[in-house]
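Asker: here are the coordinates; sequence isn't available:
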Ligand SMILES: Cc1cc2nc3c(=O)[nH]c(=O)nc-3n(C[C@H](O)[C@H](O)[C@H](O)COP(=O)(O)OP(=O)(O)OC[C@H]3O[C@@H](n4cnc5c(N)ncnc54)[C@H](O)[C@@H]3O)c2cc1C
Ligand code: FES
């Protein structure tokens, strides 16, 4: 069992989870993920590593279904059944480049170790975080410290640029020379950013979140089509060239267990609340 040091709600649907671990930090790198299981009956779910030190690892998760609801109910001193990692390939590092880093929902937190590593490698970073409204934005100060420029985009205009990320991105790329766009967040955001940069010819790397089971390359559940080839998100990714991803297949595969996911959540809520 792995001890919960902290579980804190950051914004209404996103929580920080800090778990005791004396080993993971030794191999942790930006862009990698961890598999957690809330309890013995739970499923294994992948979450990006957002920070680590000698005693702990931190993750941010969005409460969307049964497993993340179980995690959201944890308190300091509780324990979780599984903590495995670091997994996946780390973010491919580049040097001396102009990089636009985009984060939305849990991806705002997932950007943190990546922009820290990009900055250490002397890149110039413009960070853009986006949400429906101001109250869903977080970690501005943590991200600003490694960003040369920092922007916020809200669809309702309550903070920063009013509108969609694609409108802001097109304008930014037209006015600035950008070598790389890096995106973390839900599938729609990674898709939208990739389709925005494709006609502009700017290389775009996206963190994908296909459904995973073993996360070690054995089960094949996380397969994605990239550049016409089948890749496994857990061992070949989770980051890929957004212009090479077959988005239709990815979006369809993410929906294959929708019925079971809904059933599982109603069952869990009935058990919990009666
Ligand atoms: C490599 C990798 C890294 C990931 N990192 C993170 C992370 O750092 N933080 C995080 O919150 N999630 C992350 N995810 C997604 C996370 O694993 C899932 O959200 C989680 O498995 C959901 O489990 P659940 O049982 O709570 O919900 P489920 O019952 O599995 O899903 C419930 C419903 O929510 C939808 N859903 C699931 N995930 C999302 C999502 N992220 N956005 C919008 N809708 C969703 C599903 O399609 C389904 O309809 C990552 C996924 C991968 C593959
Ligand atoms: S999750 Fe099983 S192969 Fe990737």
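Answerer: Cool, the structure landed. Everything quoted here is computed from the prediction, not taken from an experiment. Ligands and ions are numbered 1, 2, ... in the order given.

Asker: max-length helix in the protein?
Answerer: Using DSSP state H, we find that the single longest helix of the chain is helix 258-273.

Asker: Can you report how many residues lie near residue 222?
Answerer: For residue 222, the count of nearby residues is 24 (other C-beta atoms under 10 Å). (C-beta placed from N, C-alpha, C; glycine too.)

Asker: Actually, residue 92.
Answerer: 10.

Asker: That one and residue 205 touch, don't they?
Answerer: Yes - at 7.3 Å, residue 92 and residue 205 qualify as touching, with contact defined as C-beta atoms under 8 Å.

Asker: Now for the two: what residues contact both?
Answerer: Shared contacts of residue 92 and residue 205 (C-beta atoms under 8 Å, 6 or more residues apart in numbering): residue 239.

Asker: now the helix or strand that contains residue 129, how far from the chain's geometric center?
Answerer: For residue 129, the element it lies in under DSSP states H and E is strand 124-131. Relative to its parent chain, strand 124-131 has a centroid offset of 14 Å by C-alpha atoms, centre = their mean, to the nearest Å.

Asker: Repeat that for stretch 40-50.
Answerer: That offset, for stretch 40-50, works out to 13 Å (C-alpha atoms, centre = their mean).

Asker: Pull up the residues of the stretch 1-150 of the chain that are close to ligand 1.
Answerer: Selection of the stretch 1-150 of the chain residues close to ligand 1 by C-beta under 6 Å from any ligand atom yields 33, 45-48, 59-62, 64-68, 106, 110.

Asker: Identify the bridge partners of residue 11.
Answerer: Per DSSP bridges, the residues bridged to residue 11 are residue 14.

Asker: give the contact list for it.
Answerer: By C-beta under 8 Å, 6+ apart, the residues touching residue 11 are 135, 136, 137, 138.

Asker: cool, residue 51 as well?
Answerer: Applying C-beta under 8 Å, 6+ apart, the residues near residue 51 are 57, 58, 112, 113.

Asker: Look up the pLDDT of residue 208 for me, please.
Answerer: On the pLDDT scale, residue 208 is placed at 96.

Asker: same question, residue 255
Answerer: For residue 255, pLDDT reads 74.

Asker: element containing residue 205, please.
Answerer: Taking DSSP H and E as the definition, residue 205 sits inside strand 203-207.

Asker: Check which element follows that strand along the chain.
Answerer: Heading C-terminal from strand 203-207 (DSSP H and E), you reach strand 223-226.
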